[in-house]
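Undergrad: sequence and predicted structure, then a few things I'm wondering about:
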Amino acid sequence: MAKDHGGSPKLYQLESKRKRVTWIVGVSGLCIFFYILGAWQNNGRRPTSSAEVYTKVGCDQDKSSSSSISSSTISSSVVPMDFESHHQLVVNNTKSLENFPPCEMLYSEYTPCQEPQRGRKFDRNMLKYRERHCPNKEEKEALRCLIPAPPNYKIPFKWPQSKDYAWFANIPHKELSIEKAVQNWVQVEGDRLRFPGGGTMFPNGADAYIDDISALVPLTTGTIRTAIDTGCGVASWGAYLLRRDIIAMSFAPRDTHEAQVWFALERGVPAMIGVMGSQRLPYPARAFDMAHCSRCLIPWYKYDGLYLIEVDRVLRPGGYWILSGPPIRWKMYWRGWERSQEDLKKEQDSIEETARQLCWKKVIEKGDLSVWQKPLNHNKCIKNKKPFMCKSRDKADAAWYQDMEACITPLPEVTNSNEVAGGALEKWPERAFAIPPRISTGSVPSITVEKFKEDNKVWSERVSYYKRLIGLLPQGRYRNVMDANAYLGGFAAALAKYPVWVMNVVPAKIEPDTLGIIYERGFIGTYNDWCEAFSTYPRTYDLIHAGGLISLYQDRCDITYILLEMDRILRPEGTVIFRDGVEALVKIKSIADGMRWQSRIVDHESGPFNPEKILIAVKTYWTGEPKRE
């Protein structure tokens, strides 16, 4: 026994103590055992090599990695905790370990809930066929394999270079470079894709176009922080807004133009697959300071203005809606748009009338731009116009598989006509840590000012700890970050000083609903049910944070599919951080070991006696096999 422990009497005594404790506590005292074990491990010897730091998975790393995983990916400054031998008979038995095979290469671009082939089975009316339609797990439609990267996949360019360049091998599509050649959306230059910043309605580039908007709307004062770009193209508008400290949620359908949202994410720009169809957008009410459509092909004039009504729901009081392209300035462009003057005039008249019913104010129409502004509250609107208001304010944030309603979402009540409904927001960047109005007014049950302040403090400590656990965090290695269970957005706030953006995901239909709070802090996010896939392309995120997510869903669905979905959306050499109880983390690790992930469990930042632990997992670099001639 002493020989096995390197001849250390101290470690021999520790082993004896472990056996005595195990015998005393039994199954019901297992958690106490882990606290003691963690403390002993921290007092034991440090590992002497990187081989001792890692817990190896059962799959060989592909030797052709363009940037192989090193000890800098998972820092060796914190000793990993070994729970394997104590749980092996329960969840980590090698005989029952499932090794997940690669999927066929035809699934390399797989988007489970927005697959065109499945979508074609649904009604084309109101673009229902382009909405979310997920695989049926009960009928074995869901894949139980790993989505492969293309054979020549390369780690994307770092930000800000990625704004302008991407590797063609990562997204091998030339369609947009040909179809939109004159408009300079994207160009193929050798083994790279270049994004000149062009767009259909901004031939002089996105920067010049945004300068034109800035002359009409206050983009530089910190008043406007969150924006939504409907029908975003390759998201150049959102990309160039970032230098003005404005973050845009850009979305477009899966197959209008091949891979446009994928291009945006490869550039390091926030985007997701989505469409204005029959259902509400997956965002809470009063989320965005600005909404934008540049020839986005959305029929604003149809269905009695239903789509403008939905924009009104997600637009903050006092927020702006900006429209360029048809029908704006139709007298000049009608021939190029191949539409009649009568048709275009009717469309603009319909938009103007819907805007009046929403009580929007037409700010200006200048050049190719038209700008409207939503009122601060509905006091004058209700008094003067008597619009058709929805009956309940309680359903304003309901947005997960929720049909659009042909009624105006009522704003929170105010006492005078100058008051901002729901509460005024601080300017950015103070907004990030100011008390959000949804908290100060008590509109989100159980979330208090004290909880908010404590959460910010906790996340400051956690991110400092993560810098030790993940050596690459402060080095710009990560750009696209997802918080899969975002709560109050504290993780995003603590990362604000780094060159990253965070997609804050709030689990759908689970209380409390905190996504509105996150938007009031000046961050973006969406609802998602993690028993289903996320609305994005494969290999689009560098870092995923999942605090308590597996415990939240372990009784709702098979967590294996949640981990497979994370593998799908994670880039090769990307990282996942799990925070959970020991039992959940050991189960995660047993699945991750069959997914070509390198992983280890470490102590909570507060020390070994905290029952919550942390699992750091890295997706190893591997690619699919090239097609054989």
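TA: Okay, I see it.
Undergrad: what mean pLDDT does the strand ranked longest in the chain have?
TA: When the chain is parsed with DSSP state E, its longest strand is strand 570-581. For strand 570-581, mean pLDDT is 98.
Undergrad: could you list the low-pLDDT ranges of this structure?
TA: Flagging of the chain using pLDDT under 70 yields the residue ranges 1-96, 139, 176-183, 256-258, 385-387, 628-629.
Undergrad: show me where the stretch 351-500 of the chain has its helices.
TA: Assigned by DSSP state H, counting those that start in this stretch, the helices in the stretch 351-500 of the chain fall at 379-384, 437-440, 449-469, 490-494.
Undergrad: just how off-centre is the helix or strand following the longest strand of the chain within its chain?
TA: On the C-terminal side of strand 570-581, the closest following helix or strand by DSSP states H and E is helix 582-592. Distance of helix 582-592 from its chain centroid, counting by C-alpha atoms, centre = their mean, to the nearest Å, is 23 Å.
Undergrad: after helix 582-592 comes which helix or strand?
TA: Following helix 582-592 toward the C-terminus (DSSP H and E): strand 597-602.
Undergrad: need the winner for burial among the helices of the stretch 351-500 of the chain.
TA: Neighbour counts (mean count of other C-beta atoms under 10 Å) averaged over each of the helices of the stretch 351-500 of the chain peak at helix 490-494, with a mean of 24. (C-beta placed from N, C-alpha, C; glycine too.)
Undergrad: point out the other helices and strands that it packs with.
TA: helix 449-469, strand 480-483, strand 501-507 (3 or more C-beta pairs under 8 Å, 6 or more residues apart in numbering; DSSP states H and E).
Undergrad: how about those, which one is nearest Arg194?
TA: Checking those against Arg194 by C-beta to C-beta gives strand 480-483 as the closest, at 19.7 Å.
Undergrad: report the backbone C-alpha coordinates of the closest one in PDB.
TA: Only the C-alpha atoms of strand 480-483 are listed here, as PDB (Å, rounded to 0.1, in the frame of the first residue of the first chain):
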ATOM      1  CA  ASN A 480     -19.000  33.700 -28.600                       C
ATOM      2  CA  VAL A 481     -20.100  32.800 -25.100                       C
ATOM      3  CA  MET A 482     -23.400  31.300 -23.900                       C
ATOM      4  CA  ASP A 483     -24.800  31.300 -20.400                       C
END
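Undergrad: for Asp555, helix, strand, or coil?
TA: coil (DSSP: H, G, I helix; E, B strand; the rest coil).
Undergrad: so what's the residue count around it?
TA: When neighbours are defined as other C-beta atoms under 10 Å, Asp555 has 7 of them.
Undergrad: return the distance of it relative to Lys587.
TA: 13 Å (C-beta to C-beta, to the nearest Å).
Undergrad: circling back: out of the helices and strands packed on helix 490-494, which gets nearest to Tyr153?
TA: strand 480-483 (15.7 Å).
Undergrad: could you say what helices and strands that closest one packs with?
TA: Looks like strand 480-483 contacts helix 490-494, strand 501-507, strand 541-547 (3+ C-beta pairs under 8 Å, 6+ apart).
Undergrad: could you give the bridge partners of Ser294?
TA: Ser324 (DSSP bridges).
Undergrad: okay, strands next: where are they in the stretch 201-350 of the chain?
TA: 226-230, 247-252, 271-273, 288-294, 315-324 (DSSP state E, counting those that start in this stretch).
Undergrad: residues contacting the last one, please?
TA: Meaning strand 315-324. Applying C-beta atoms under 8 Å, 6 or more residues apart in numbering, the external contacts of strand 315-324 come out as 201, 213, 217, 224, 226, 286-295, 300, 308, 311, 351, 355, 360, 363, 368-377, 411, 420-422, 425.
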